[in-house]
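**Student:** Okay, sequence plus prediction incoming.
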Amino acid sequence: EELFNSYPQFTTTIDGVEVYFLHIRSKQENALPMLLSHGWPGSILEFRHVIDKLVDPESHRGDPEDALHLAIPALPGYAFSSKPTEGGREIVRTARAWAELMQRMGYADSGWVAQGGDWGAHVAASLGHQAPKGLRSIHMNSIYLEPKKEARIPCQDKAGEKRALQRERHREKGHYGYHVQQSTRPQTVGYGLADSPVAQAAWIYEKFRDWSHHDGDVETVFSKDDMLDTIMLYWLSNSGASSARYYWECEFDSTAWPIDTRLV
């Protein structure tokens, strides 16, 4: 609570959803505006360790010319944005909303950039495809493209690339159950997440453990407070089901990656 209250917080209604966002301006007036978009089971909290460094790099032995103004919105259905009451709240529609948000903050004329991970990476990619006014570039710290199983691509002949693909396909078999559940029956899993704090904690904690690099002790990479804060944010906002429904919406969205989209 103290952390949230240390940053300027706002809400605005865009396309029928009340969007909660942080807007942190740098003391450098000419700083570049950047939109940061999170994913699941993340939240706006996941940026807390970089906010000050990005806004005030000079205080962290950086170059003041690299300073950024930050806009950090919460995805629809995630804390503390409102829960959509109609379908169709998918990647493309979210990207349009984020472009509108940057327009309302006055950044369309000055120019801005977007960054995202997980669902946020998909939103950033959609922003790049839509090319709204003022958007200069996008950055994604995760990407979800790989060759089809039957495809024979030159890179597959390289040992390192082959091992990476094998690891990913192993992950698909043993670690993607949550994705299938949330993409097909989000409401069913949502009842348990809304009813039991233990269920909500377990549902998220295992992702911290499975999706990070450690030698068996997840607390070597994430503090207990960081993990509990994220879990509590989902629990207190009762967003277990509504965040899961984002998977449902995006799973059946055919417009997120147009066939003729070129990434490079």
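**Tutor:** Thanks, I have it.
**Student:** Now do the buried residues in the longest strand along the chain.
**Tutor:** For the chain, the longest strand by residue count, based on DSSP state E, is strand 17-24. Buried residues in strand 17-24, counted by 16 or more other Cβ atoms under 10 Å: V17, V19, Y20, F21, L22, H23, I24. Yep, even glycine has a C-beta here, placed from its N, CA and C like the rest.
**Student:** Paired strands for it, with orientation please.
**Tutor:** Each strand paired with strand 17-24, and its direction, by DSSP bridges: strand 9-14 (antiparallel), strand 68-73 (antiparallel).
**Student:** ok, and which of those strands has the densest surroundings?
**Tutor:** Of all the strands paired with strand 17-24, strand 68-73 carries the top mean neighbour count, a mean of 24, counting by mean count of other Cβ atoms under 10 Å.
**Student:** ok, then the element right after the worst-scoring helix or strand of the chain on mean pLDDT?
**Tutor:** Ranked by mean pLDDT, DSSP states H and E, the weakest helix or strand in the chain is helix 159-175, scoring a mean of 77. Going down the chain from helix 159-175, the next helix or strand is helix 177-184, by DSSP states H and E.
**Student:** For that following helix, list the C-alpha coordinates in CSV.
**Tutor:** Extracted in CSV, the C-alpha atoms of helix 177-184 (Å, rounded to 0.1, in the frame of the first residue of the first chain):
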residue,chain,number,x,y,z
GLY,A,177,-1.9,-26.9,-18.0
TYR,A,178,-2.8,-23.6,-16.6
HIS,A,179,-3.0,-22.1,-20.1
VAL,A,180,-5.4,-24.8,-21.3
GLN,A,181,-7.6,-24.3,-18.1
GLN,A,182,-7.7,-20.6,-18.3
SER,A,183,-8.3,-20.6,-22.1
THR,A,184,-11.2,-23.0,-22.0
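**Student:** avg pLDDT for stretch 132-142?
**Tutor:** The average pLDDT within stretch 132-142 is 95.
**Student:** and it, how far from the chain's centre?
**Tutor:** 14 Å (Cα atoms, centre = their mean, to the nearest Å).
**Student:** Contacts for that stretch, please.
**Tutor:** Residues from elsewhere that reach stretch 132-142, judged by Cβ atoms under 8 Å, 6 or more residues apart in numbering: 39, 96, 99, 102-103, 107-118, 121, 124-125, 127-128.
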